[in-house]
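[1] All I have is the shape, not the residue letters:
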C-alpha cells in the first residue's frame, strides 16, 4: 500500500546561500538509527552510486569507434562490468549523455540493447549544440545500451554515475533508496554577494537533514542549471571527498541557460573546513564551473542508505511515450503562456505503491524563451514551486530528466511560463515503496521536513 507522506517544517525558498542558518531537526525516528546499516534484506531496485566514470567518447574512440555517429546510426555500448558497474545483477544505469558538434538538428535515443528502438528520445539538440542530459536506461542484452542518432553526424560522450539492482544478488553491497522532497531552489548565485562565479571557481554547499538523518544521506538529486555562461564550458558536481572527476555534469554553450538533472554524491561536514563554513554532520558537495556562469541548484530528492521508511526502489521500463501534445497524447494541443496541465500516468505503467515517475521531458519549439516546471498534481500543500525543469529558448527542442512526484493519484502538473510550446514526455521507469519498507531493517522517521541550508563557500 502506498505510504503517502506530508512534508512538515519551514523551508528556506529564496534564501541567500551565504546565510548560515541553524538546521531544523527531523521528527524523531520510530527506531534508533544504526550508524552502520546492514545490507538491505532485498536489494531489488536499490540504488548504488559510483564515482563518475567515462564509458564512451566517440571523439577519442572510447567505448565506440573513433568517429561521429552518422544518420540512423547506432552504437551498442558495453556498460555492465565497466566504470564501477558490476558485470551482473544490474537492472538499469544512470548516465550523463553529452552531445557535441552535431551537423544537423537531431535527437539521440538510449535504450536497452537487443530491443526494438522505441518511439522516444533521450537528448534533443540543434545543429552545433553543446549540452547534456541525465538518462536512466534499462540494461539490455549482454549488459549493453544502444545509442541511436537520427540525423546528421554527432559526437556522443557517456558518463555513468550510478546503477540500480536488478534483483537480490547485490546482498554484499549496501544499496540506497530514493526519497522525494518538495522541489525547492536552494542555491542561486544571482542572489549571492560574490556575484557571478568566475571561470575555474568551485562552489561548496551544505544541507542539513537533521541529526537522525544526516549520517544516512548519501546522494542528492538536483536540477542543476548553468545561467548566462560567458563562453562554452561545463559544470562538474561531486562530493568533494576526492579530486574533481574528469566527467562533466552540465555542458553549456556561450550565453545559453542549460539545466540537467544530477545525482550528486555528498560527504559529511567535519567542522574543520577553512572558515568553518558548514555545520558538522551536514551533507556537503562541490560544483566546479569551467567558465564564468551563474549556478542554480534545485533539490528534488535524496538517496539514503536504506534507513528511512519513506525510501523507494526503482523499476525500469523500456522508454514509453505518455505525453505528446502534437498528437493530443496526455495533453491536448500546445501549452499557452501561464497554462497548467494535469497529466495522468497510464494505469498500466504504475502500481498502488508507485510514488514517482522517471521521465525524459521535452519542450518542442516554444514560440518564446520559456520555463517548464513539473510538480505533483494532487497535493494541496505543494503549490507550483519556484524551480524549473526546462529552460528552452524560442524554436528549440530541449530535453531534461524529470523525477516527477505522482502521489497520491498517479498524476503530475506541468506549467509553461510564456509563449506557447508543445510538450513530450517519455517514461523510463518508476520509484515504488517496497513491502520491505516496514521491516525493522528500514526503520525511519515518522515525518519529513525539508533539508535546511547551513552554509556555503566560494573559491
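    Cool, the structure landed. Values in this document were obtained by computation on a predicted structure and should not be read as measured data.

[2] Any stretches of the protein with poor pLDDT?
    Flagging of the chain using pLDDT under 70 yields the residue ranges 1-39, 172, 436-449, 453-459.

[3] mind listing what the closest residue to residue 346 other than its chain neighbours touches?
    Once flanking residues are discounted, residue 346 sits nearest to residue 322: 6.1 Å by CB to CB, 6 or more residues apart in numbering. Where C-beta positions appear, they are placed from N, C-alpha and C, glycine not excepted. Residue 322 is in contact with 329-330, 343, 345-346, 349, 359, 425-427, counting by CB atoms under 8 Å, 6 or more residues apart in numbering.

[4] Nearest the middle, which residue of the protein would you pick?
    Nearest to the mean C-alpha position of the chain, by CA atoms, centre = their mean, lies residue 261 at 3.4 Å.

[5] my read: it touches residue 221, true?
    Yes. At 7.1 Å, residue 261 counts as touching residue 221 under the criterion of CB atoms under 8 Å.

[6] hey, what's in contact with both of those two?
    Counting by CB under 8 Å, 6+ apart, the contacts common to residue 261 and residue 221 are 300, 403.

[7] Which SSE is immediately downstream of the helix or strand containing the residue nearest to the centre of the chain?
    Residue 261 is part of strand 258-265, with elements assigned from DSSP states H and E. Next helix or strand after strand 258-265 toward the C-terminus (DSSP H and E): strand 267-268.

[8] Sheet-wise, list the partners of that next one with their directions.
    strand 283-289 (antiparallel) (DSSP bridges).

[9] Check which helices and strands the helix or strand that the strand it pairs with is followed by sits against.
    Using DSSP H and E, the helix or strand that follows strand 283-289 towards the C-terminus is strand 294-304. Packing partners of strand 294-304 (3 or more CB pairs under 8 Å, 6 or more residues apart in numbering; DSSP states H and E): strand 178-188, strand 202-208, strand 217-227, strand 258-265, strand 283-289.

[10] Using TSV, please lay out the ones you listed together with distance to residue 338.
    Formatted as TSV, the helices and strands packed on strand 294-304 follow (distance: least, CB to CB, whole Å):
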stretch	distance to residue 338
strand 178-188	19
strand 202-208	31
strand 217-227	21
strand 258-265	20
strand 283-289	31
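
[11] Which one, of those strands, ends up nearest to residue 385?
    Nearest to residue 385, of all these, is strand 178-188, at 4.3 Å by CB to CB.

[12] Residue ranges of each domain in this protein, please.
    47-165, 176-311+436-458, 313-432 (automatic domain parsing).

[13] what's near enough to touch residue 336?
    Residue 336 touches 416, 420, counting by CB under 8 Å, 6+ apart.

[14] and it, how far is that from residue 418?
    Separation of residue 336 from residue 418 (CB to CB, to the nearest Å): 9 Å.

[15] next one: residue 86
    On the measure of CB to CB, residue 86 and residue 418 end up 46 Å apart.

[16] between those two, which one's more packed in?
    Counted by other CB atoms under 10 Å, residue 86 and residue 418 do not tie: residue 86 has more neighbours, with 18 against 15.

[17] before we move on, what SS does the nearest residue to that one once chain neighbours are set aside have?
    Leaving out its chain neighbours, the residue that sits closest to residue 86 by CB to CB, 6+ apart is residue 80, at 6.9 Å. Three-state call for residue 80 (DSSP: H, G, I helix; E, B strand; the rest coil): coil.

[18] wait, isn't residue 80 in contact with residue 140?
    No. Checked against CB under 8 Å, the pair residue 80 and residue 140 is beyond contact range at 9.9 Å.

[19] wait, residue 49 sits on residue 219?
    Yes. Proximity of residue 49 to residue 219 meets the contact threshold set by CB under 8 Å, at 5.2 Å.

[20] who wins for proximity to residue 41 among the domains of the chain?
    Nearest of those (CB to CB): domain 176-311+436-458, 5.4 Å.

[21] No further queries at this time; thank you.
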